[in-house]
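**Student:** Quick one, fold the following:
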Amino acid sequence: MPIPPSHSPVQTDVTSPLEQARHDFFERVARECGTPCYLYDAAEIEARSQELQSLFPAGVSRLLFSFKSNPLPSVAAILRDTGCRADLTSPGEVVAALEAGFDLSKALYGGPGKGTAELTAAISAGLRHFSVESDGDLAHLAEAAESLATPVKALLRINPRSAPKAKLAMSGVASQFGFEEEVLRATGRETLALAGERVAVAGIHLYWGTQIGDPEALLTCFAKTVAMADELSGALGFPLEILNLGGGFPWPYAHRGRGPDLSPLRDGLAALRAASGPAREAEWWFESGRHLVASSGTLLTRVMEIKRSKDEKDFLLLDTGIHHLGGMAGLGRIPRFSIDLEVPPARLGNPGILVDVVGQLCTPLDCIGKKITLPRVEPGDLLAIPNTGAYGMTASVTGFLSRPSPSEVVHRGEKILSSHRLRGGHERIS
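**Tutor:** The predicted structure is shown next:
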């Protein structure tokens with residue numbers, strides 16, 4: 001069998017009872033719910049949430065689940081039961097959070113370009129905490145709150161001078177996100193005047209980026225956030241009730257493996273809080289999506305065909321593709337062409353083949369893995385792609401070619417708790 005490249009699955013010819021039992025369960029789910037199918041493990045979601053929350057200063061910290069990573073209400077409800085609050089950025093996510101049973105008065109609503117109508121609807125739905133990105137955003141929030149005669153709280157999202165070491169930097173670069181740090185220092189009091197009587201500026205929000213690689217890098221980002229919050233709240237004269245330090249907690253995407261050991265955050269965050277100024281009295285909020293749900297997800301897919309082309313390349317054609325597992329690659333966010341595939345235990349001893357892994361879309365862009373080595377499989381075989389619980393289907397081009405959406409199944413052990421399918425098609429509006 002050829003030696004697999006670094007991003008290919010490492011297969012053995014030994015089948016353990018656990019592997020066989022796991023595959024048997026996957027086959028049962030595939031028969032009952034069809035393929036492709038996203039499978040989410042409830043126990044894994046609970047474990048990741050409990051582990052992450054144990055690292056934060058006790059009694060003064062809150063963990064917010066970023067719905068953008070996986071808005072399935074049945075997934076979000078599991079995190080609600082572990083004590084998470086909701087981090088929302090769209091009207092659709094508000095609907096999902098309500099269905100999942102979240103208390104919206106304790107949730108956060110953010111994102112750029114929020115108009116008065118959207119903010120009015122959010123307040124009417126029960127939202128009371130908002131991350132604001134600009135003078136215009138704050139003015140829209142003040143208008144919405146005044147129209148409903150409802151008091152709300154705003155966190156000023158800051159875009160700092162420097163950029164982090166992250167796979168996707170969302171601060172420290174030219175961006176639609178947040179107030180420029182240096183501009184806010186110069187004109188912040190004029191900004192605060194836009195809040196009006198119904199909006200209380202109650203804190204700072206800073207999100208450095210995603211997939212920040214290790215605890216030391218995370219602590220460096222958090223320390224900069226705390227220092228900035230201490231300084232700005234004092235200089236501009238607003239109380240620091242809430243400090244949203246963001247997230248960036250890493251986890252693999254569509255590869256085997258786990259995230260790094262984050263346990264050093266426990267002592268590091270405790271020391272950081274003890275040494276801070278006004279931030280020591282604030283409630284600390286953290287955000288996570290990927291780290292909470294990525295490991296819970298497995299994408300099940302059937303082999304449709306293995307096709308040889310021009311006597312030079314083999315294509316493994318699956319019933320899934322970039323429309324289900326784009327990982328936001330269509331937006332330039334995450335490079336494609338590197339995944340792990342788990343094959344049926346009965347195939348583990350087969351000779352290896354080198355393939356490009358493609359889907360059913362009528363475009364050569366529908367490729368989720370290049371030069372992947374795996375034991376030879378056959379049409380009809382059920383394959384599994386691990387660590388796909390975050391930024392999977394809803395971060396992909398699901399509308400392209402109007403193919404059916406995958407089923408989504410939440411399970412605990414071998415018990416199916418719920419199954420779903422995202423609706424498609426057009427709703428006529430005139």
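**Student:** Every contact and neighbour count from this point should use C-alpha atoms.
**Tutor:** Noted.
**Student:** Downstream of the helix or strand hosting Gly369, the next helix or strand is which one?
**Tutor:** Using DSSP states H and E, Gly369 falls within strand 367-375. Using DSSP H and E, the helix or strand that follows strand 367-375 in sequence is strand 382-386.
**Student:** Where does the closest residue to Gly359 other than its chain neighbours sit: helix, strand or coil?
**Tutor:** Counting by CA to CA, 6 or more residues apart in numbering, Gly321 is the residue found nearest to Gly359 once chain neighbours are left out, at 4.3 Å. Classification of Gly321 by DSSP: H, G, I helix; E, B strand; the rest coil places it in coil.
**Student:** related to what we said a few turns ago, given the strand holding Gly369, what are its sheet partners and their directions?
**Tutor:** Take DSSP bridges as the rule and strand 367-375 pairs in its sheet with strand 352-358 (antiparallel).
**Student:** Give me the average confidence score over the strand it pairs with.
**Tutor:** Throughout strand 352-358, pLDDT has a mean value of 95.
**Student:** which outside residues touch it?
**Tutor:** 1-2, 313-318, 320-321, 366-376 (CA atoms under 8 Å, 6 or more residues apart in numbering).
**Student:** Listing request: residues of the chain with sub-threshold pLDDT.
**Tutor:** Filtered on pLDDT under 70, the chain yields the residue ranges 1-16, 162-175, 327-337.
**Student:** Pick out the residue closest to the middle of it.
**Tutor:** Ser69 (2.8 Å; CA atoms, centre = their mean).
**Student:** need the contact list for it.
**Tutor:** Taking CA under 8 Å, 6+ apart, one finds 289-290, 293, 390-392, 395 in contact with Ser69.
**Student:** Helices of the stretch 1-150 of the chain, start to end?
**Tutor:** Applying DSSP state H, counting those that start in this stretch to the stretch 1-150 of the chain gives helices spanning 17-33, 42-53, 73-81, 91-99, 116-125, 135-148.
**Student:** Phe238: neighbour count?
**Tutor:** Counted by other CA atoms under 10 Å, the residues lying close to Phe238 total 15.
**Student:** so it, which of the three states?
**Tutor:** Under three-state DSSP, Phe238 falls in the coil class.
**Student:** Next: the one 10 residues further on.
**Tutor:** Classification of Gly248 by three-state DSSP places it in coil.
**Student:** Relative to Gly247, how far out is the closest residue to it other than its chain neighbours?
**Tutor:** Spatially, and ignoring its direct neighbours in sequence, Gly248 is nearest to Thr210 (4.2 Å; CA to CA, 6+ apart). Distance of Thr210 to Gly247, given as CA to CA, to the nearest Å: 7 Å.
**Student:** Would you mind giving the domain segments of this protein?
**Tutor:** Annotated domains of the chain cover 17-40+295-421, 110-288 [automatic domain parsing].
**Student:** Tabulate those in CSV, adding columns for distance to Val60.
**Tutor:** What follows is these, written out as CSV (distance: least, CA to CA, whole Å):
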stretch, distance to Val60
domain 17-40+295-421, 27
domain 110-288, 5
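**Student:** Who does the lengthiest strand in the chain pair with, and is each partner parallel or antiparallel?
**Tutor:** Secondary structure assigned by DSSP state E gives strand 297-309 as the longest strand of the chain. Using DSSP bridges, the strands paired with strand 297-309 are strand 37-41 (antiparallel), strand 313-318 (antiparallel), strand 382-386 (antiparallel).
**Student:** gap between it and the chain center?
**Tutor:** Offset of strand 297-309 from its chain centre (CA atoms, centre = their mean, to the nearest Å): 25 Å.
**Student:** follow-up on the earlier one: please tabulate the strands paired with strand 297-309 in a markdown table, including the columns distance to Gly83 and mean neighbour count.
**Tutor:** Formatted as a markdown table, these follow (distance: least, CA to CA, whole Å; neighbours: other CA atoms under 10 Å):
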| stretch | distance to Gly83 | mean neighbour count |
| --- | --- | --- |
| strand 37-41 | 18 | 26 |
| strand 313-318 | 38 | 20 |
| strand 382-386 | 26 | 23 |
